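Peer 1: Predicted model and sequence follow; I will ask about them next.
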Amino acid sequence: MGEDTTQEFPQNSLAIILARFESMEGSLRSDLGTLSSRMDSLESRFTALDEKVDRRLMETRPIWQQALARLDSIDTRLDSIDTRLDSIEARLDSLESRVGSVESQMELLVKRFDLVEEDFENISLKFRSFQKDLLRMQTQDERLADRIEKLANPPTAP
């Protein structure tokens, strides 16, 4: 290991290294120039794309504004319909309550009419019985009248 390793390098090795660095620098500058022109190209394309998107947004913005306005109008109408439906529902609840009350009263009336009908049937039976009794009494009265007549006017003997 005691040998001098610097002796293995050629004498002009520094010039060779500098030449290679200069070659690399030139290549890098060339690549940077190409990269820069590509970046400029991309930037101009992005700018054109931005402008195109802005134009399209300007074209579609009124459509969206109209759609949003119509949605707001629909929302307002739905709110109005909801309010009206709530009112109708309240009225139906009230009506249902009143119908329930009327049904209860009708049931009471039906029960009362059933009682009245039953009373009429009882009165009818009693009236028929009274008529039969009256007819019996009339028959008995006629018989009695005939007997009294016969007693009062005895038949003459022949």
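Peer 2: Structure's in. What do you need? Residues are numbered from 1 along each chain as shown.
Peer 1: in stretch 17-24, what's buried?
Peer 2: Within stretch 17-24, no residue is scored as buried using 16 or more other C-beta atoms under 10 Å. C-betas here are computed from N, CA, C, even on glycine.
Peer 1: Quick check: mean pLDDT of that stretch?
Peer 2: Throughout stretch 17-24, pLDDT has a mean value of 82.
Peer 1: How about stretch 51-60?
Peer 2: Confidence over stretch 51-60, taken as the mean pLDDT, stands at 84.
Peer 1: same thing with stretch 101-114?
Peer 2: Taken as a whole, stretch 101-114 has an average pLDDT of 94.
Peer 1: how about it as PDB, C-alpha atoms only?
Peer 2: Written as PDB, here are the backbone C-alpha positions of stretch 101-114 (Å, rounded to 0.1, in the frame of the first residue of the first chain):
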ATOM      1  CA  SER A 101    -119.600  12.700  18.100                       C
ATOM      2  CA  VAL A 102    -122.500  12.500  15.600                       C
ATOM      3  CA  GLU A 103    -122.100   8.700  15.400                       C
ATOM      4  CA  SER A 104    -122.200   8.500  19.200                       C
ATOM      5  CA  GLN A 105    -125.400  10.500  19.200                       C
ATOM      6  CA  MET A 106    -126.900   8.400  16.400                       C
ATOM      7  CA  GLU A 107    -126.200   5.300  18.400                       C
ATOM      8  CA  LEU A 108    -128.000   6.800  21.400                       C
ATOM      9  CA  LEU A 109    -130.900   7.700  19.200                       C
ATOM     10  CA  VAL A 110    -131.000   4.200  17.700                       C
ATOM     11  CA  LYS A 111    -131.200   2.800  21.200                       C
ATOM     12  CA  ARG A 112    -133.900   5.200  22.200                       C
ATOM     13  CA  PHE A 113    -135.800   4.400  19.000                       C
ATOM     14  CA  ASP A 114    -135.500   0.700  19.800                       C
END
